[in-house]
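Peer 1: Build me a structure from this.
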Amino acid sequence: LRTASDAIAVDAFELDNGTSSNERQSTQQQQHQHQHHSITYKHSFTKVVLAIYYINLFLVLSNYTLVMSHSVKAMAGDNICLPTAGIFASLLMF
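Peer 2: Next comes the predicted model:
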């Protein structure tokens, strides 16, 4: 039995390389012996999903840093500018 991540990796590998279900059955024994599945990023849909994922991750983390910067500025009593508060917020997150 394959785990869910192995099944997804095999399906993505087959989608990227254009193998059919008939070829899949003949190569399952070979893939079973070799457990490391490398996913290639040839398919344009894969690239779009990855781009959306990483842009979203960047925006969420940027928003978190901005909120943390406002918190640091409020704790400092408005004696500090927002970019400097952002540097201190980044240091506090480590």
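Peer 1: Show me which residues of the longest helix seen in the chain are buried.
Peer 2: Longest among the helix segments of the chain by residue count, using DSSP state H, is helix 44-76. If you call a residue buried by 16 or more other CB atoms under 10 Å, then helix 44-76 has these buried ones: M68, S69, V72, K73. Yep, even glycine has a C-beta here, placed from its N, CA and C like the rest.
Peer 1: Columns pLDDT and distance to L82 on top of the residues you listed, output as JSON lines?
Peer 2: Output for those, formatted as JSON lines (pLDDT from 0 to 100; distance: CB to CB, whole Å):
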{"residue": "M68", "pLDDT": "94", "distance to L82": "11"}
{"residue": "S69", "pLDDT": "93", "distance to L82": "6"}
{"residue": "V72", "pLDDT": "92", "distance to L82": "9"}
{"residue": "K73", "pLDDT": "92", "distance to L82": "6"}
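Peer 1: following the longest helix of the chain, which helix or strand shows up next?
Peer 2: As assigned by DSSP states H and E, the chain's next helix or strand after helix 44-76 is helix 82-93.
Peer 1: helices or strands up against that next one?
Peer 2: Applying 3 or more CB pairs under 8 Å, 6 or more residues apart in numbering; DSSP states H and E, one finds that helix 82-93 contacts helix 44-76.
Peer 1: where are the low-confidence patches of this protein?
Peer 2: Along the chain, segments meeting pLDDT under 70 span 1-2, 4-5, 7-13, 15-41.
Peer 1: doesn't V67 make contact with A85?
Peer 2: No: using CB atoms under 8 Å as the test, A85 is too far from V67 to be in contact (11.0 Å).
Peer 1: who are the neighbours in contact with M93?
Peer 2: T65, M68 (CB atoms under 8 Å, 6 or more residues apart in numbering).
Peer 1: returning to what we had before: by contact count, what packs against the longest helix of the chain?
Peer 2: Looks like helix 44-76 contacts helix 82-93 (3+ CB pairs under 8 Å, 6+ apart).
Peer 1: how much does the helix it packs on deviate in direction from helix 44-76?
Peer 2: 100 degrees (axes from the mean of the first three to the mean of the last three CA atoms, to 10 degrees).
Peer 1: Which of the residues in helix 82-93 are classified as buried?
Peer 2: Neighbour count says helix 82-93 has A85, G86, F88, A89 buried, by 16+ other CB under 10 Å.
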